[in-house]
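In: Sequence plus the predicted model coming up.
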Amino acid sequence: MPSYSFYCQSSYLSTMANAGFDFNMCIYDGISYLSRVQESFARQKICTPHVRPLLPLQSTSVADSVFKSRIKSRIMHWRKGYAEPNKKDDGSLVSSLSRLILGGETYGSRPSISIDVCSDHQVQLVLEAVNHISDDLVPLVVPDKVGAARAVCVIFTSSKEDKNLLLMDIQQSEEEKFCGFREVIDLLSSSQKPIVSYNCLNDLTMMHSKFVAPLPPNMHEFMCSLKMVFSSVVDVSHLWRQIGPLRKAKNIQAALSYLQRQYFVPMEIKIPEQDDTSGVTKNEQNVLRITKLFAKLSNLLKIGPECQLQSGEQYAAVEEYCNVFYPSCMIEDSDDVDFADEPDTAKVVSTENIVFLWGFRGKSVKELKSYLPGLHQIFSEDFEVKLLDKTCSALLFRNSGTAMQLLKEISSESPSLNNFFSEGLKAAGFEVYRKVCRLGLWDSELAEALERVSAEVAASTLSECNSSQIYWNSSLMLDLKEYLEC
């Protein structure tokens, strides 16, 4: 069997120790990295006592009959001393001498007897003899150093429950010896939960070849084999391709940066405290990025654990986006931005204080801040401007009620806003933006989508809008050229 070497960075050793990892067992016993195919081969050369199935004998000779009869008589005589003990109280010394004469040994805390054999054929004869005696006996084949059978250890159990417990202990001992790291793969597989990943095709092929079986000759057979182990694997790069502007995103950071500037998807991630370091490692950064990106995309695409109605809206099942992978050459990794060091300047604001503005003909944030106060006195109050894309911006008013007053005057086409209208400016409230997100209008520019939806929202709904809270980050300004390929 091939052997592999695996290395662990020293920075992870303290974390592994705190989690209860037994380094002594790792050093003395090792950890198995065998695949299922290699396990099957290794079990054939097992060098520890194990249960072997009873196979029907094709033919038996006179010598076989004599051997089996002699072994059967010996085991029955030995078993009688434990199954039918003498009712007389002969004392512990006499009892011990009696069992010593019977040739008894112990397997753990249970009495046992060893039958020497010199071939697999004799092993089957012993197993057949034991099978004809009683159900309270468990035979184990004891191999020599090269794996050939040298003896059969027959163990006496006191009850059916004791026998089942012994068989479970033997099976668990075998699994611990051979399963090793594959147990992690089996736990993930048995959970039947979706695995969220990024650019994982190479990782999955490596895991398949080392812990499942050799790689199939083509992609179709590989996917069929993979689904038997991991039924649902979600690649976030496939999810972000469902949103038009993100189809050309180069990597996780590009997609994540675009989403947190373009769409309001409030969420929180708690990072556990670490003892000896103030930051997070590169691998931990990747986990946080993937988790945050998956949560945002699931919110925008209305993906739920099951295809169901939530809050009156139809949610798509996550399985609809599973098992679609892209070659790694199509995806570029970037470590230019440190996720752990990104400034957290977000604050909670009410949606009632936000107005979406479009029709400003490509003006910058600075130009809008100086341009709007000349159109109406309501813009003389304190407000922030955030560019969402090249066609639309969001205005955050400090004073409560100012945004609602502006929207009402726009809805009633107040004469005080003649200059506003003459410049081609248009505005809508957060409820219109919420509907744009709900409808998934990603292919058109935000201004076009807002105008299309705002025509369907009646003015009477302004007073009926449900107020909620979102996260506002004034330090983030969108530059499409920075995050998307041309």
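Out: Ah, there it is. Numbering: from 1, shown residues only.

In: Distance of Asp144 relative to Leu167?
Out: 24 Å (C-beta to C-beta, to the nearest Å). Every C-beta, even on glycine, is put in place using the N, C-alpha and C of the backbone.

In: The two: who's more crowded?
Out: Leu167 (13 against 10; other C-beta atoms under 10 Å).

In: Sticking with that one, tell me its helix or strand.
Out: helix 160-178 (DSSP states H and E).

In: Averaged pLDDT, that helix. What do you get?
Out: Confidence over helix 160-178, taken as the mean pLDDT, stands at 83.

In: Stretch 387-400 too?
Out: 84.

In: Export it to CSV, keeping only CA atoms.
Out: Output in CSV follows, covering the C-alpha atoms of stretch 387-400 (Å, rounded to 0.1, in the frame of the first residue of the first chain):
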residue,chain,number,x,y,z
LEU,A,387,-23.5,55.8,-4.7
LEU,A,388,-25.0,52.4,-5.3
ASP,A,389,-24.0,52.3,-9.0
LYS,A,390,-23.4,54.8,-11.8
THR,A,391,-27.1,55.5,-12.1
CYS,A,392,-28.5,55.5,-8.6
SER,A,393,-27.6,56.8,-5.1
ALA,A,394,-29.0,56.4,-1.6
LEU,A,395,-29.7,59.4,0.7
LEU,A,396,-29.7,58.9,4.4
PHE,A,397,-31.4,61.8,6.4
ARG,A,398,-30.4,62.3,10.0
ASN,A,399,-33.7,63.7,11.1
SER,A,400,-36.6,61.3,11.4
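
In: can you count the residues close to the closest residue in space to Ile378 that isn't next to it in sequence?
Out: With C-beta to C-beta, 6 or more residues apart in numbering as the criterion, Ile378 has its nearest non-adjacent residue at 5.3 Å, and that residue is Leu406. For Leu406, the neighbour count with other C-beta under 10 Å is 24.

In: what separates Leu406 from Lys68, distance-wise?
Out: Using C-beta to C-beta, which is the criterion applied here, Leu406 is 99 Å from Lys68.

In: What confidence value was assigned to the residue nearest to Ile378?
Out: Predicted confidence (pLDDT) for Leu406: 89.

In: contacting residues for it?
Out: 355, 376, 378, 397, 427 (C-beta atoms under 8 Å, 6 or more residues apart in numbering).

In: if you set the cut-off to 10 Å instead, what comes out?
Out: Contact analysis of Leu406 by C-beta atoms under 10 Å, 6 or more residues apart in numbering lists 355, 357, 376, 378-379, 381, 383, 395, 397, 414, 417, 420, 427, 429.

In: Same check on Tyr107?
Out: 49, 113-114, 138, 140, 153-156, 166, 170.

In: Closest one of the residues you listed to Glu128?
Out: Nearest to Glu128 among those is Val154, at 12.5 Å by C-beta to C-beta.

In: Tell me, how many residues neighbour that closest one?
Out: 26.

In: Also Val365?
Out: 12.

In: low-scoring stretches of this protein, by residue?
Out: 1-16, 21-37, 43-46, 85-104, 176-181, 261-284, 305-316, 326-347, 442-443, 457-486 (pLDDT under 70).

In: Let me see the domain layout of it.
Out: 62-84+97-178, 188-272+279-342, 347-483 (automatic domain parsing).

In: List just the nearest of the contacts of Leu406 to Leu256.
Out: In terms of C-beta to C-beta, no member of those lies closer to Leu256 than Leu395, at 24.7 Å.

In: Would you mark the buried spots in the helix or strand encompassing the closest one?
Out: Leu395 belongs to strand 392-397 when assigned by DSSP H and E. The neighbour-count check on strand 392-397 (16 or more other C-beta atoms under 10 Å) flags 392-397 as buried.

In: For those residues, give me TSV that also has distance to Leu57.
Out: Output for the buried residues of strand 392-397, formatted as TSV (distance: C-beta to C-beta, whole Å):
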residue	distance to Leu57
Cys392	84
Ser393	87
Ala394	84
Leu395	89
Leu396	86
Phe397	91
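
In: what's the closest of those residues to Leu368?
Out: Among the buried residues of strand 392-397, and counting by C-beta to C-beta, the member closest to Leu368 is Ser393, at 6.5 Å.

In: so who does that closest one touch?
Out: Ser393 touches 355-358, 360, 363-365, 368, 385-387, 446-447, 478, counting by C-beta under 10 Å, 6+ apart.

In: Give me the subset of these lying in helices.
Out: 365, 368, 446-447 (DSSP state H).

In: returning to what we had before: show the buried residues in the contacts of Ser393.
Out: So, by 16+ other C-beta under 10 Å, the buried ones in the contacts of Ser393 are 355-358, 360, 368, 385-387, 446-447, 478.

In: Pro194 contacts Gly304, correct?
Out: No - in this structure Pro194 lies outside contact range of Gly304 using C-beta atoms under 10 Å: 11.4 Å.

In: Neighbour count: those two, which is higher?
Out: Pro194 (19 against 16).

In: list the contacts for Gln231?
Out: Actually, residue 231 is Ser. It isn't Gln. Counting by C-beta under 10 Å, 6+ apart, Ser231 has contacts 189, 192-195, 319, 322-323.

In: The same query, at a cut-off of 7 Å, please.
Out: Gln192 (C-beta atoms under 7 Å, 6 or more residues apart in numbering).

In: Same check on Ala449?
Out: Neighbouring residues of Ala449 by C-beta under 7 Å, 6+ apart: 436, 441.

In: what about it, distance to Lys366?
Out: Taking C-beta to C-beta, one finds Ala449 at 26 Å from Lys366.

In: Can you give me the neighbour number for the residue nearest to Glu423 when sequence neighbours are not counted?
Out: Closest residue to Glu423 apart from its sequence neighbours, by C-beta to C-beta, 6+ apart: Leu375 at 6.7 Å. Using other C-beta under 10 Å, Leu375 is surrounded by 17 other residues.

In: picking that back up, which parts of the helix or strand just after the helix holding Leu167 are buried?
Out: Downstream of helix 160-178, the first helix or strand assigned by DSSP H and E is helix 182-191. By neighbour count with 16+ other C-beta under 10 Å, helix 182-191 contains the buried residues 182, 185, 189.

In: re the thing from before, quick one: which of the contacts of Leu406 is nearest Leu300?
Out: Gly429 (19.7 Å).

In: burial measure for that closest one, as a count.
Out: For Gly429, using other C-beta under 10 Å, the count is 24.

In: Please apply the same query to Met206.
Out: Other residues near Met206 come to 11 when the count uses other C-beta under 10 Å.

In: Numbering from 522 from now on, please.
Out: With 522 as the first residue, the last one maps to Met727.

In: does it sit in a helix, a strand or a coil?
Out: helix (DSSP: H, G, I helix; E, B strand; the rest coil).

In: That one and Met740, how far apart?
Out: In terms of C-beta to C-beta, Met727 sits 15 Å off from Met740.
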